[in-house]
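Enquirer: Quick one, structure for this:
(one chain, ligands or ions: 1)
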Amino acid sequence: MIEVDIKGRVGTFSVEADFAAPSGVTSLFGQSGAGKSTITNMIAGLLRPDKGRIAVDGEVLFDSARGINLSVRKRRVGHVFQDARLFPHLTVKSNLTFARWAGRRQGSRSVDEVVELLGIAHLLARKPGNLSGGERQRVAIGRALLSAPRLLLMDEPLASLDQGRKSDILPYLDRLRSEAGLPIIYVSHAMEEVARLSQTLVIVSGGRIIAHGPVADVLSRVDLGRATGRHEAGALLEGHVTRIDDTWGLSFVDLRDGQSMQVPGLEAKLGEAIRLRIRARDVAIAVEKPTGISIRNLISGTVRTITDETGPYTEVLCTVGKQSLRARLTRASANELDLKSGRQVYLLVKSVAIDRRQSAPAPAVLNGDAEMA
Ligand SMILES: Nc1ncnc2c1ncn2[C@@H]1O[C@H](COP(=O)(O)OP(=O)(O)OP(=O)(O)O)[C@@H](O)[C@H]1O
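Expert: Coordinates of the predicted model:
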C-alpha cells in the first residue's frame, strides 16, 4: 500500500497530491509539465514537500507533523529514470553487483534471478555503451531491483525508446509486475503503457490529482476528457482466452457476461487472463444487430452516459456486463440514432483495431474484484 498526502513546490509551481494505492503498479499519468516528476521526486526524497505524509506498506518515509524525513538511502526507493544512468566504465554485471553492494542489504532477489527475469544474461560482459536503449533500460531496472527497494519508482522508463524497443521491453515490465512482488510507481504520458501495466491510475494535472482509482474505472470516466487525451481515450476489457482458432489466427476472449471478443494475433495460451484496451475511436454503435458486415465483434451493451459536447464529436459510455466500453461518434450520429441512457445497443469493434500492443496479460486483480483475478 502506497499512501501519499503532500503539499509542496518547486520554484513557482505548487503540487498538492493525495492518493492511496494498493500493491501492484500505480501509474501517474499526465501531460508534460503536469507535476509527475515533482511528485515522484518527493516520494524518492530528492525534493522535500512543505508538509504531509508519505508511507509505503506502513513504513513512514516522510511525516512533517512527526518530524520524519528519511534520507534518500533510507527510503529504499529503486529509481529508474528515462535515461538509464548506468556506470559507463563498468560491465553490466558490475553495474548490477555494485547496486547490490550499494544497497548494503541482502535483497530477496539474487543477481541470477534478476538477470533471468529481465532476459539480460547475454549482456553481462558488455559495457553500457555497447547496449541498445531498451537493453540499457532493462539493466537499469535490474540494478534498481538489486538495491533491495521497498518501492520501485519508474519515471518514464520507455520515453527515450523508439516504438520497436518499447514493444520489446513491455513484456518484461508485465513480468516484473507479476513477479517482483513490490509496489511500483510508473510515471508516463503514454496511455498505451499505462493502460497495459497499471492496477491503479492517478491522473495528474496542474500539480493536482484530478482522479485516481482502479485503472478501468478511471479510464471509463468520460468527464476527464482532455486530461486523459481524447485521441487515445478508451476502455479496458478483461477476460480469459476460451478458444484459439489456429486456422484463422483468432483468439476468443470471454467478457464474463456470456459474450466474447475475437482478437487476432494474440500470443496467449488457452485459459490465460488477458487485458484488452479498446480505443473509443475504434468503436461504432448500432441500435439493431447489423448483418452482412465484416466486423466480427458485435458486443451487446447498454448506454450509460453520453457526453454533452458542443464540437462535432461525442463520447458514449456503455456497460458490457460488469465492464465498460467507450465509443467516440459524431454528435450527428448519436442524434440520428437517438442514443439515450438505458438504451440497448450493439458495439462494433473491428478485430484488427485490437493489435498485439494493446493486448497483454491481465494484472492479478482489476477493480478489486477477486473474481476477475
Ligand atoms: N527545479 C525547478 N524549478 C522551478 N520549476 C520547476 C523545477 N522543476 C520543475 N519545475 C516546473 O514544475 C512543473 C512540473 O514539472 P514536472 O517535471 O514535475 O512535470 P512532469 O509532469 O514530470 O512533466 P514531463 O512529463 O514533461 O516530465 C513544470 O512547469 C516545470 O517547469
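
Enquirer: And the residue of the chain closest to the ligand?
Expert: residue 11 (2.6 Å; Cβ to the nearest ligand atom). To be clear about C-beta, it is placed using only N, CA and C from the backbone, and glycine gets the same treatment.

Enquirer: residues contacting that residue?
Expert: By Cβ atoms under 8 Å, 6 or more residues apart in numbering, the contact set of residue 11 is empty.

Enquirer: okay, it: pLDDT?
Expert: What the model reports for residue 11 is a pLDDT of 92.

Enquirer: Same question for residue 103.
Expert: On pLDDT, residue 103 comes in at 53.

Enquirer: got it, and residue 224?
Expert: For residue 224, the predicted pLDDT is 81.

Enquirer: Can you list phi and psi of the residue nearest the centre of the chain for me?
Expert: Residue closest to the average C-alpha location in the chain (Cα atoms, centre = their mean): residue 194, at 2.4 Å. Backbone torsions for residue 194, taken as degrees, to the nearest 10, come to phi -60, psi -40.

Enquirer: Would you agree it is in contact with residue 26?
Expert: No: using Cβ atoms under 8 Å, residue 194 is not in contact with residue 26; the gap is 10.2 Å.

Enquirer: what residues are shared contacts of those two?
Expert: 186, 201.

Enquirer: tell me what the helix or strand harbouring residue 154 is packed against?
Expert: Assigned by DSSP states H and E, residue 154 belongs to strand 151-155. Where contact means 3 or more Cβ pairs under 8 Å, 6 or more residues apart in numbering; DSSP states H and E, strand 151-155 is packed against helix 36-44, strand 77-80, helix 133-146, strand 184-188.

Enquirer: let's see 7 Å
Expert: Judged by 3 or more Cβ pairs under 7 Å, 6 or more residues apart in numbering; DSSP states H and E, the packing partners of strand 151-155 are helix 36-44, strand 77-80, strand 184-188.

Enquirer: Only the buried residues of the helix or strand following it, if you could.
Expert: The helix or strand immediately downstream of strand 151-155 is helix 163-179, counting by DSSP H and E. By neighbour count with 16 or more other Cβ atoms under 10 Å, helix 163-179 contains the buried residues 165-166, 168-170, 172-174, 176-177.

Enquirer: how many neighbours does residue 1 have?
Expert: 11 (other Cβ atoms under 10 Å).

Enquirer: What count of nearby residues applies to residue 205?
Expert: Neighbours of residue 205 under the rule other Cβ under 10 Å: 18.

Enquirer: check contacts around it.
Expert: Neighbouring residues of residue 205 by Cβ atoms under 7 Å, 6 or more residues apart in numbering: 30, 34, 227.

Enquirer: Over to residue 360?
Expert: 174, 196, 275.

Enquirer: Turn those into a markdown table, columns for pLDDT and distance to residue 86.
Expert: Output for the contacts of residue 360, formatted as a markdown table (pLDDT from 0 to 100; distance: Cβ to Cβ, whole Å):
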| residue | pLDDT | distance to residue 86 |
| --- | --- | --- |
| 174 | 83 | 23 |
| 196 | 87 | 26 |
| 275 | 91 | 31 |
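
Enquirer: So which of the residues you listed is the closest to residue 249?
Expert: Comparing the contacts of residue 360 against residue 249 with Cβ to Cβ places residue 275 closest, at 19.9 Å.

Enquirer: quick one on the thing from earlier: in CSV: the helices and strands packed on strand 151-155, plus distance to residue 350, mean pLDDT and mean neighbour count.
Expert: Shown next, in CSV, are those (distance: least, Cβ to Cβ, whole Å; pLDDT from 0 to 100; neighbours: other Cβ atoms under 10 Å):
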stretch, distance to residue 350, mean pLDDT, mean neighbour count
helix 36-44, 33, 95, 23
strand 77-80, 36, 90, 24
strand 184-188, 26, 94, 25
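
Enquirer: Export these as TSV, with columns for distance to the ligand.
Expert: TSV is the format used below for those (distance: least, Cβ to the nearest ligand atom, whole Å):
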stretch	distance to the ligand
helix 36-44	3
strand 77-80	14
strand 184-188	7
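
Enquirer: does residue 305 really touch residue 319, like I thought?
Expert: No: Residue 305 lies out of contact with residue 319 (Cβ atoms under 7 Å); the separation is 9.9 Å.

Enquirer: The residue of the chain positioned farthest from its centre and residue 337, how far apart?
Expert: Centroid-distance maximum for the chain: residue 292 at 37.0 Å, with Cα atoms, centre = their mean. Residue 292 sits 19 Å away from residue 337, going by Cβ to Cβ, to the nearest Å.

Enquirer: if we can go back for a sec, let me know the pLDDT of the nearest residue to the residue nearest to the centre of the chain once chain neighbours are set aside.
Expert: Among residues not flanking residue 194 along the chain, residue 27 sits closest, at 4.3 Å (Cβ to Cβ, 6 or more residues apart in numbering). According to the prediction, residue 27 has pLDDT 95.

Enquirer: contacting residues around whichever strand or helix holds residue 27?
Expert: In this assignment (DSSP H and E), residue 27 forms part of strand 25-29. With Cβ under 7 Å, 6+ apart as the test, strand 25-29 has contacts from 2, 36, 39-40, 177, 184-189, 194, 197-204, 363.
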